[in-house]
Structures are given as structure tokens and as C-alpha cells.
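1. Here you go, sequence then predicted model.
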There are 2 protein chains.
Amino acid sequence: MSGEEAIGPDGVPLSKKALKKQQKEAEKAAKKALHKKPNEGEKEEQEQEDLSKGHYGVLPLNQSQERIQRRLYKVSELVPGIAGQKVWVRGRLHTCRSKGKQCFFVIRQQKWTIQVMAAQSEVVSKQMIKFISGITAESIIDVEGVVQTVSQKIQSCTQQDVELHAHQVWVVSAAEPRLPLLIEDASRPEGEGELATVNQDTRLDNRVLDLRTLTSQSIFRLEAGVCRLFRDYLTSKGFVEIHTPKIISAASEGGANVFEVTYFKSKAYMAQSPQLYKQMAVCAEFDKVFTVGSVFRAEDSNTHRHLTEFIGLDLEMAFNYHYHEVLEVIGDMFVNIFKGLQEQYAEEISLVNKQFPAEPFKFLEPSLILNYKDGVEMLKQAGIEMGDEEDLSTPNEKLLGRLVKAKYDTDFFILDKFPLAVRPFYTMPDPQNPKWSNSYDMFMRGEEILSGAQRVHDPEFLIKRAQVHKIDLDKIKGYIDSFRYGAPPHAGGGIGLERVTMLYLGLDNIRKTSLFPRDPKRLTP
Amino acid sequence: MSGEEAIGPDGVPLSKKALKKQQKEAEKAAKKALHKKPNEGEKEEQEQEDLSKGHYGVLPLNQSQERIQRRLYKVSELVPGIAGQKVWVRGRLHTCRSKGKQCFFVIRQQKWTIQVMAAQSEVVSKQMIKFISGITAESIIDVEGVVQTVSQKIQSCTQQDVELHAHQVWVVSAAEPRLPLLIEDASRPEGEGELATVNQDTRLDNRVLDLRTLTSQSIFRLEAGVCRLFRDYLTSKGFVEIHTPKIISAASEGGANVFEVTYFKSKAYMAQSPQLYKQMAVCAEFDKVFTVGSVFRAEDSNTHRHLTEFIGLDLEMAFNYHYHEVLEVIGDMFVNIFKGLQEQYAEEISLVNKQFPAEPFKFLEPSLILNYKDGVEMLKQAGIEMGDEEDLSTPNEKLLGRLVKAKYDTDFFILDKFPLAVRPFYTMPDPQNPKWSNSYDMFMRGEEILSGAQRVHDPEFLIKRAQVHKIDLDKIKGYIDSFRYGAPPHAGGGIGLERVTMLYLGLDNIRKTSLFPRDPKRLTP
């Protein structure tokens, strides 16, 4: 390499002056970034000639100084087929260990990792190796190196058959030397010997780090998939996507559990669901609608499955004769989502399972529909004492999930015809027996993820039902009036996105599937 | 037809008893629905034998009594090819006029309409014609009839070559006799002679009716298309969809114009944008993210283009060397959206234009990028007096839009390198001259629809910039800290969905493109 020009990180040969200036800047910045004061010994070393000058250091802050035409390879592109090629790669310094005259470090790009070696040579100086060894974990670095095949597979990396031999190493953005959590610890399954793991609050307090684990990366990519599959299925069935207001003038669904907002000089509330608005859209002749958006619940519930803010996947649909027309669309939609996840996110699922083992999610096609009565009967036979028209408690839901799994081998099922008394006022009573209703919940691994029903679409009957529930009619006047100009029979449901992701993956806490979760005790980050 | 069995609306022949009961119920309900008291004359008529008994009336409230296996045809399916066939159709009674022994009415299904004729015959009695004439506009009805070709095109309907000859007419859901607005009036272009139109507040107060116009139906179908095209383009480029919290602990972007929320026993705020969270997601190694969600602005702006709650289409992306890498992705994304709308929503665009005429939306490929300085220069040459580093006023934006259109023949362009002083604290200054910044706005028909920039990704520099803007550092500590563990250079932008729809269609008010708009004076419905 001697005789070769010094090449700056922009790919342009450096003039001596520029080189000197850049080097000086870089070293100064590197020192600062690495929080080290030069001691006498180091000073001496640096006074020795440095063969790698201009081949390492800290880059100046990127302010888009120049539009460099240089290809940055993805780690996933580094394969034996390009062995011998010199490439530039940008990624995070995942781990680094140096021994004597060489150091090994791993560059990480999301789920991909590659080992890099820097060994003292004509192009890599002792000073450069020292510099590399001092780079803090999680820093973003640019590395130029030659792709080399290896004789023994590198088990710890995704790129097992090649490593990179570094010629240049530049710090793009330095991480602080003390991280509040280590990615390795945060990635470890619980109870693996004596090794450290990270508790949930530390994770959530430092979410920007916690989200870098393979597990988190996989969870949120899969969650994006749930949304996409939900929308694509419904769009293909003629549904129209709508957006409903989150600030509402009155606490329309009963009044409890709503957050109050100061709206200029008056008061308003945060919508608990898009319920009323999606129904109004159906009455406004959109007929089949869906919406994906934030919903807000001022419930002081500190459980594994409650959030004060979450993403609702809501749909509502006019039907011809029977609400089961809608029930079946929703059931089929879930089957479509489950299949899509299985097919398109197999790798993500297996990565999550490595840290949080879970049984594969099972479902039937078409979906199992059970009558509420029959569900209660199964519970009774299992020794539970409960009334026929009593709502399901959380433990009973869980138990019923296990009983259904044992009997039907499915983690997803629909429970139809709930007791009218335990449902909201706008739920349509059963035509034969008003103790029951045309309403349903859907369950994944024994936890409710959707609640839905045929709605009352007749304004006079709706008023009667609201009165039974002691709801202030003034507050729902606009809602009731929307059924006065011809309203089709309709049904729908609301799904909690984070719950679907959590339960599909068999996770134990909804905070794992909310990017920046909100609960009664957490409003940050 | 005499001798044929009476067929119920469920398609099953009726027993005499059932028939009688149903008829009685239906008549009772019909009377009630049509808000008429039977007078003596009517009573007499009904006492005469009614040949159509059991072939018309008001259906009992649909409580999913029965799952009827009967095909309901779509209006769009009624074409000359099925002439002679007897079909069932459900739709809204759009208009009705009776003359003597026959009546003509139009059934509407969203954008499709068909004429139906009921003429006195062996199957259609005088009483039945009277009943039909009394059905209120906008009621939902089921009609059984025979498809017949017509000799003269029916200009007023979408199905111009056929009409339906009714045998049965049933009211599924009756509309009130007095509508707060007529669909016909709400559908009329402004200033068409002396005919009535509907003002905006009446429309918005009765949104469920206003949304039934062809124009509204088309606007919101196209708006759903904007979202879909936005997401599909970015997903295809490797972006991950995320969801960010709307309730935040501190007014992070400056403090003014945020709504305050009571959060259990403390205070919180509604997020003005997903800005900080999408940046944190980029730092959390998602690298390229987008999000679609509600954003909240407590600005007391009562203009044609401000809402207090709207849908933000946000994206953020790590780049390698220069923020123009991101700028170009966004420009290309817009081109993709515009093309997609042109190709997939041509009919909707032309329907909207019938009521609200507008020039077709023009754009260049690749998008035009103008320097802010050059934009100001164009304005100066047009006689505007303004400083080089002054922000664009709304009239100047509009004028610049017209100048650009005249010079480049495009309704979309990007204005790059805004003065630093007029941008938020997290905007990256220009590397050569800190009077300027690496920031941009994008415009449609002379109005801003996106604001974006390269962001400061260095925590120390970010603190400096926040101090210049006199921002309380305590309130943004979490935000600043997220850049301490290695942060890639990144840029992004936020788009107002309702503005894009409004300006693409050349509409004059953003309330036309928000399903249930919120402004300082409107919180209902």
C-alpha cells in the first residue's frame, strides 16, 4: 500500500495540507468522543510516525458538506461471492476485542452482523488499532476493508463465511462510553444461568437502545405487517379507509375513563374509540370502512395487557340480512393476517422466539365460532361456577382459551352471542331472546383482542337502549341523529394492535409491542 | 301474476297467517315511519282488496332474525345483458315522482343510480303506488323488479340503458320526512342560476348527509388512495411503519400551541407532531420509518387551510452523505402519489371537478427543486419587497406558486435551503453559511404541504441550537439523550394529508377533505 495516495472519506485524494488539517481535527474529536485525556505515553506514540494517518479518525459532523458518490455496502451483501473486493460499510460497532497487534470487532446493521479484523501491517498502524479499540460500543462507524473468506464459520455473526480486513475506520457518530443498558444483556433470554438481563423499566427508560435488539427489531417489523395485512385485506374487499377525530365534545360512550382536554376556552375529551364515527361513515353511504388510529383509555389499570393509549384497528360494515355476514369477513381477515405473518415474517417470529420462547400460533380455517352459552358450559364442566349471563373474568377467559385449544387445537376463536347486559348500549339485542345480543369477542391465546357487534341502527330503539344504560341523551344527540336519515343494518369491531402482536408472538407484556408505551405510570420517553 | 304465491322478503312463500301478521306490522310501521295519520279516505281504500298485499311495506327492524340466502344485485350490475331477469336491489330512494297510476323513482348506491317504475297492474295496486310515493327520500329500500331495456337513454342515471319494473318495494330504514339538507342541493355547483346550494356550516352540521354527495364520496375515496400510495411507496423502499404516542409529558417542540390533557393526577399534552419519536426510531436502528396519525395544533387559526386536528403523513430516514438523498426520495414519492391518483382515481377527480371545477394537477418528473434564494429572487422580480432571510408569507407563497407554474408548468415543487432563523431548533445549519439551513418545504398549487429538513443528530450541537431558541433543556432531555448512543445523519418531513387532498383536487377549503373537521369553533359532530 505504500506509495498509494491518502484517500479521504469522501473518496477524493487529500492534499497534504487538507490531510494534516483533517487528521488534526479528527484526532481532537476522537479524543473528545472517546473521553480520554492523552497521557504522556500516548503522546510519545503519536509522535512516532503513523503509517495510517488519514485512514482513521472521527469524521466531522455531517452537515451534508458534500454529496459523495460512494457505494456503502449492506452487511447482508458481504458474501463469499465478492471475496477480494474492497468495500465500504457503515454500521454500529457491536462488540470489539483487541489482543496485542490486532483487534476484532463486529459491525451490526439491524439483524445483520459481520466480523472485521484490523491487524498491524503496512497500512494499519499500532496507533490505528489503539484508536479502534477505543471506539465505544454502539458508535456508528464507516469501515473500508477487503472481503475475505474464512476457513472456519464465524458462529457469532450472520455473515459466517466472510470477514472484512479493515484498511480505514472512521467514526460517524460516537456513542457515550457508558451505556445505560447493553444490547447483549437486553437480548438475552431470561434465566440463562448467571448472565445479566435487563428489567422492563430500564428497557423502557432507554427505549432507543432497547429497540436495537434483534427481538425489538423483529417485533415492530411484524407489527407493521399486521397493519399492512389488515388494510390490504379490507381494501381488497371494497372497504374505504377513513380517519376519525380524536378530540370529541362529549364523553360519548358512557362517560367514564376518558381523558379531558382543554380546548381553547372550553373542555373536550379524547376519543375512547372511533366507534361513533365509523358508524356515521357507514350511514354516510361509505358502507364498508376501516380506520387505524390512536385510542385513549383513562383507566387506572396497571396490568400486562392495558395501555392508556394504543392503536385501534377498527372496521364497520353494512350487511344485507345477518350480522354473521360481517362476523365471517372479520374471521376470514384474521386468518389472512395469521397466514401472511407466517409466510412473510417467519424469520422475525423465530428471532423473537429465541429470546422469548413460545408455541407456534395455531388457527383454523374457517375460524371456530362458539356460542357464549357453550363457552360457559365448557367452563362449568371444568369446575367453574358462574351464572349463564355473567361476563367472563380474565382468568375464565384464559381458562376457556386453554379448553378450546385442547378441544379444537386453535389459538384463535370467536365467541358469539354475549349476554346483552354486559355490552354497550348500542349493541343489538338478539331477536328471539333479549337476554342475549348479536355481539361477539375474538380471542388469541385466551385473551380478548376484538370486541364487536351488530349495532342498533334505529334511532328510537337506540334512545330506549341508552335510557336503560342511564346515558345522558343530550350527549349522544348527534350520534342518534345520524340514524334518522336512513341507516343500513351494520356491524363491526375494534381490534387492539399491540394485543394482536403480543399474543401472536406469545409475549407476556403489551409494553413489548408498543414503541413508546403509555400507562398510568409512564408518559416518557 | 295472479295465482303466484306471496313471497316474503326472505324469499320464502308466506303462510296466510304469517302474511297477515307481517302485512299488519308492516303497515303499522309504515304509517309511523311516514309520519302520516290514516284519514278516512285512506281507510276506505285499504279496505278495498289490495292485490299487492305482502308485496310492499316496512320491514321489521333488522335484528338478524334470519340469514336469508338471496342475492342483492348492485346497481352497477344492472345492465342490458340481464334484461328480463327478476332481481332484488337495495339502495337509497334518491328521488321519486308519481303521476296518476304510476310512479318513477331512482335508487342510489353511492355513485350509481337506476330508475325504477311502478305502474298499476295485476301485481301493483293503487295502494302500493301510494305507499311508494310516500316513502321519504334517503330511506333505504329493497326493490324486487324486472330489468328492462329502455328505448331512450335515461340521462339522469348512471344506468342509462335499463330501468327496473318494480314488483315489490320494502322499506329497510326510513328517513325522516324533513331532511336538514337535500343531497341534490349539496351536489350543485355554486352559482348555477337561482338553484339552492348548501353553505358549509349546514353541510358540516349534517355531515352524514353531506358525505353522501358524489363529490364527498369521491373526495374521501381519493384521500384513502393518497394514504395507500404513500405507504405502499415507502414500504417498497424498505421503510417500516411505526406508531408514535400522542400523549406526551412535555410540550417538546417549543411549548406554544399545544393542547393540555388531564392525565390522572397530573398534566400532559397532545403531540403537535411525531417529530421527536420518528427521529428516536431512526436512532433505534429502524433507519427508515413512516407513520400516519393524528396531530394536534392548538392554534386559533380560522383559515381555509388550518385544522386543530389533522392527519400527518410523516417519514424520517437515515442517509449516507447528503440530505438530498432523502429529498429525492420524498420528491419521487410525491410523483408516485400524483401518478397513482391520476391512474386510479380519474373518475373520482372528474366527479369532484363537476361540482368544483379545477385545472388538472401538473407535476414534473423528477420534481423541480428550487433554491430558497432563487425563489425570493423570482418574487423580487415580480415586484415583491422582502429580505433575503425573511420567511414566506402566505400571499407570497401563493404568488411564488403562480410564478413557478408560469415558468416551469408544474403545480408541485420543492423549495430548498430555507433561512435557518425561520426553522425549528433541530434543523441542521448549512455547512458553508449558517444563515441558511438544510431544510425544505414542498408546495402544491402554491401552498405548503410538507415541511422537512436534515436534523441535528449531535447532542451537544443540539443543546446549543436549543439554547439559541431559548428552549427549556429540561423538557427535551429525553429527546437529546436519544442521540447520545450513536445517531446516523438523517432527514425527513411531515405532510398534511387533508392539504394534499384539497390541493390536488383544487378545492378551496380543508374542511372539505376532513371527514369530521375540527377547528377552533367546531368540535361536532
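-> Looks like it arrived, so ask away.
2. Not counting its neighbours along the chain, what's nearest the residue in the stretch 251-400 of chain A that chain B sits nearest to?
-> Chain B sits closest to A:Ala284 of the stretch 251-400 of chain A, with a gap of 3.6 Å, by C-beta to the nearest C-beta. Where you see a C-beta, it was placed from the backbone N, CA and C, and this is true even at glycine. Nearest residue to A:Ala284 in three dimensions, chain neighbours excluded: B:Leu211, at 3.6 Å (C-beta to C-beta, 6 or more residues apart in numbering or on different chains).
3. Touching, that neighbour and B:Gln217? I think so.
-> Yes. Shown here, B:Leu211 and B:Gln217 form a contact pair, counting by C-beta atoms under 8 Å, at 7.2 Å.
4. wait, what's in contact with A:Asn302?
-> Taking C-beta atoms under 8 Å, 6 or more residues apart in numbering or on different chains as the criterion, A:Asn302 is in contact with A:Asp519, A:Pro520, A:Lys521.
5. I misspoke; the intended subject was A:Ser273.
-> Counting by C-beta under 8 Å, 6+ apart, A:Ser273 has contacts A:Glu253, A:Val295, A:Gly312, A:Asp314, A:Gly494.
6. how many neighbours does the second one have?
-> It refers to A:Val295. Neighbour count for A:Val295, taken as other C-beta atoms under 10 Å in any protein chain shown: 23.
7. and stretch A:339-348, how far from the chain's centre?
-> Computed by C-alpha atoms, centre = their mean, to the nearest Å, the chain-centroid distance of stretch A:339-348 equals 15 Å.
8. so what's A:Glu365 up against?
-> Neighbour list for A:Glu365: A:Val335 [criterion: C-beta under 8 Å, 6+ apart].
9. secondary structure class for it?
-> State at A:Glu365, reduced to three classes by DSSP: H, G, I helix; E, B strand; the rest coil: coil.
10. hey, what's in contact with both of B:Leu211 and B:Gln217?
-> With C-beta under 8 Å, 6+ apart, B:Leu211 and B:Gln217 have common neighbours A:Glu285, A:Phe286.
11. Neighbour count: those two, which is higher?
-> A side-by-side neighbour count of B:Leu211 and B:Gln217, using other C-beta under 10 Å, places B:Leu211 first with 23 against 20.
12. Output the longest strand along chain A as CSV, nothing but the C-alphas.
-> Counting residues, the longest strand in chain A under DSSP state E turns out to be strand A:86-99. Provided in CSV are the C-alpha atoms of strand A:86-99 (Å, rounded to 0.1, in the frame of the first residue of the first chain):
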residue,chain,number,x,y,z
LYS,A,86,-12.6,-3.7,-1.3
VAL,A,87,-15.8,-2.2,0.1
TRP,A,88,-17.1,0.5,2.4
VAL,A,89,-19.6,-0.4,5.1
ARG,A,90,-21.5,1.7,7.6
GLY,A,91,-22.8,0.2,10.8
ARG,A,92,-22.7,0.1,14.5
LEU,A,93,-19.8,-1.1,16.5
HIS,A,94,-21.5,-4.1,18.1
THR,A,95,-18.5,-5.6,20.0
CYS,A,96,-14.8,-5.2,20.0
ARG,A,97,-11.8,-7.0,21.4
SER,A,98,-8.2,-6.4,20.8
LYS,A,99,-5.3,-8.6,21.6
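13. can you pull the buried residues of the helix or strand following it?
-> Under the assignment DSSP states H and E, the closest C-terminal helix or strand after strand A:86-99 is strand A:102-109. Buried residues in strand A:102-109, counted by 16 or more other C-beta atoms under 10 Å in any protein chain shown: A:Cys103, A:Phe104, A:Phe105, A:Val106, A:Ile107, A:Arg108, A:Gln109.
14. Now do the contacts for A:Met117.
-> Residues counted as contacts of A:Met117 (C-beta under 8 Å, 6+ apart) are A:Gln102, A:Cys103, A:Phe104, A:Glu163, A:Leu164, A:His165, A:Ala166.
15. 6 Å instead, please
-> A:Met117 makes contact with A:Phe104, A:Glu163, A:His165, according to C-beta atoms under 6 Å, 6 or more residues apart in numbering or on different chains.
16. That one pairs with what?
-> With DSSP bridges as the criterion, A:Met117 is bridged to A:Phe104, A:His165.
17. ok so, going back, looking at the contacts of A:Asn302, spot the one nearest A:Val261.
-> The closest of the contacts of A:Asn302 to A:Val261 turns out to be A:Pro520 (C-beta to C-beta; 17.6 Å).
18. Roughly how far does the residue lying closest to the closest one once chain neighbours are set aside sit from A:Asn257?
-> The shortest distance from A:Pro520 to any non-neighbouring residue, by C-beta to C-beta, 6+ apart, is to A:Asp300 (5.0 Å). Look at A:Asp300 and A:Asn257: by C-beta to C-beta, to the nearest Å, they are 9 Å apart.
19. Then A:Gln344?
-> 36 Å.
20. can you pull out the strands in the stretch 301-450 of chain A?
-> Under the criterion DSSP state E, counting those that start in this stretch, strands of the stretch 301-450 of chain A are mapped to A:309-318, A:368-371, A:412-416, A:439-444, A:447-454.
21. I meant the stretch 1-150 of chain A, not that one.
-> Ranges of strands in the stretch 1-150 of chain A, per DSSP E, counting those that start in this stretch, are A:56-58, A:72-73, A:86-99, A:102-109, A:112-119, A:140-149.
22. burial count for the spatially closest residue to A:Lys475 that is not a sequence neighbour?
-> Nearest residue to A:Lys475 in three dimensions, chain neighbours excluded: A:Ala250, at 4.1 Å (C-beta to C-beta, 6+ apart). For A:Ala250, the tally of surrounding residues (other C-beta under 10 Å) stands at 19.
23. Secondary structure element for A:Ala250, which one?
-> Taking DSSP H and E as the definition, A:Ala250 sits outside all helices and strands.
24. And the pLDDT for it?
-> Listed pLDDT for A:Ala250 reads 82.
25. can you list the weak-confidence ranges in chain A?
-> Applying pLDDT under 70 to chain A flags residues A:1-47, A:252-255.
26. center of it - which residue?
-> A:Phe220 (2.4 Å; C-alpha atoms, centre = their mean).
27. How about the secondary structure of that one?
-> helix.
28. For A:Leu313, which non-adjacent residue is closest in space?
-> That would be A:Ile495: by C-beta to C-beta, 6+ apart, it lies 4.1 Å from A:Leu313.
29. tilt between the helix or strand hosting that neighbour and strand A:309-318?
-> Using DSSP H and E, A:Ile495 sits in strand A:490-496. Using axes from the mean of the first three to the mean of the last three C-alpha atoms, to 10 degrees, the direction of strand A:490-496 lies 160 degrees away from that of strand A:309-318.
30. Strand A:490-496 vs strand A:447-454, what angle?
-> If you take the same axes, to 10 degrees, strand A:490-496 sits at 160 degrees to strand A:447-454.
31. Give the next helix or strand downstream of strand A:490-496.
-> Counting by DSSP H and E, the next helix or strand C-terminal to strand A:490-496 is helix A:497-505.
32. So what angle separates the directions of that next one and strand A:412-416?
-> Inter-element angle recorded for helix A:497-505 and strand A:412-416: 130 degrees (by the same axes, to 10 degrees).
33. which secondary structure elements does helix A:497-505 contact?
-> Applying 3 or more C-beta pairs under 6 Å, 6 or more residues apart in numbering or on different chains; DSSP states H and E, one finds that helix A:497-505 makes contact with helix A:214-236, strand A:309-318, strand A:447-454.
34. Please repeat the previous calculation with a cut-off of 10 Å.
-> Applying 3 or more C-beta pairs under 10 Å, 6 or more residues apart in numbering or on different chains; DSSP states H and E, we find helix A:497-505 packed against helix A:214-236, strand A:309-318, helix A:324-344, helix A:346-355, strand A:439-444, strand A:447-454.
35. Thanks again, I'm all set now.
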